[in-house]
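Student: give the three-dimensional model of this entry:
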Amino acid sequence: MPVDVSALGSIHSSLDDVIDRLRQQTVGLDDDDEIGTELREVHRQLITATRRLEKAQRRARS
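Tutor: Predicted coordinates for the structure are as follows:
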């Protein structure tokens, strides 16, 4: 089945929104705050996922 490039773009936009909302939740949390640490880790992993999604989008377009 071919990859739907427009669907990947939509997913990318949604992921960017989630990343931004998550970042906003961590603003003001102390570095030693356990919840803040967990949320920052999720944020980091989502950024990594976004990079991989971007790579997949480039490959799908070519």
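
Student: for the longest helix along the chain, buried residues please.
Tutor: Secondary structure of the chain per DSSP state H: the longest helix is helix 34-61. Neighbour counts over helix 34-61 (16 or more other C-beta atoms under 10 Å) mark 36, 39-40, 43, 46, 50, 53, 57 as buried. Every C-beta, even on glycine, is put in place using the N, C-alpha and C of the backbone.

Student: just flag the most distant two among the residues you listed.
Tutor: Gly36 and Gln57 (31.0 Å; C-beta to C-beta).

Student: quick check: Gln57 vs Thr26, distance?
Tutor: 27 Å (C-beta to C-beta, to the nearest Å).

Student: so what does the host helix or strand of Ile11 touch, helix or strand wise?
Tutor: Using DSSP states H and E, the element containing Ile11 is helix 5-26. Judged by 3 or more C-beta pairs under 8 Å, 6 or more residues apart in numbering; DSSP states H and E, helix 5-26 is in contact with helix 34-61.

Student: how far off helix 5-26 does the helix it packs on point, in degrees?
Tutor: 160 degrees (axes from the mean of the first three to the mean of the last three C-alpha atoms, to 10 degrees).

Student: helix 34-61 packs against which elements?
Tutor: Going by 3+ C-beta pairs under 8 Å, 6+ apart, helix 34-61 lies up against helix 5-26.

Student: only C-alpha atoms, please: export the helix it packs on in PDB.
Tutor: The C-alpha coordinates for helix 5-26 follow below in PDB (Å, rounded to 0.1, in the frame of the first residue of the first chain):
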ATOM      1  CA  VAL A   5       2.100  11.800   2.100                       C
ATOM      2  CA  SER A   6      -0.700  14.300   3.000                       C
ATOM      3  CA  ALA A   7      -1.700  12.100   6.000                       C
ATOM      4  CA  LEU A   8       1.900  12.200   7.200                       C
ATOM      5  CA  GLY A   9       1.900  15.900   6.900                       C
ATOM      6  CA  SER A  10      -1.300  16.000   9.100                       C
ATOM      7  CA  ILE A  11       0.300  13.700  11.600                       C
ATOM      8  CA  HIS A  12       3.400  15.900  11.700                       C
ATOM      9  CA  SER A  13       1.300  19.000  12.400                       C
ATOM     10  CA  SER A  14      -0.600  17.200  15.200                       C
ATOM     11  CA  LEU A  15       2.700  16.000  16.700                       C
ATOM     12  CA  ASP A  16       4.100  19.600  16.600                       C
ATOM     13  CA  ASP A  17       1.000  20.800  18.500                       C
ATOM     14  CA  VAL A  18       1.400  18.100  21.100                       C
ATOM     15  CA  ILE A  19       5.100  18.900  21.500                       C
ATOM     16  CA  ASP A  20       4.300  22.600  22.000                       C
ATOM     17  CA  ARG A  21       1.500  21.900  24.500                       C
ATOM     18  CA  LEU A  22       3.800  19.500  26.400                       C
ATOM     19  CA  ARG A  23       6.600  22.100  26.500                       C
ATOM     20  CA  GLN A  24       4.200  24.700  27.900                       C
ATOM     21  CA  GLN A  25       3.300  22.300  30.700                       C
ATOM     22  CA  THR A  26       6.900  22.000  31.800                       C
END
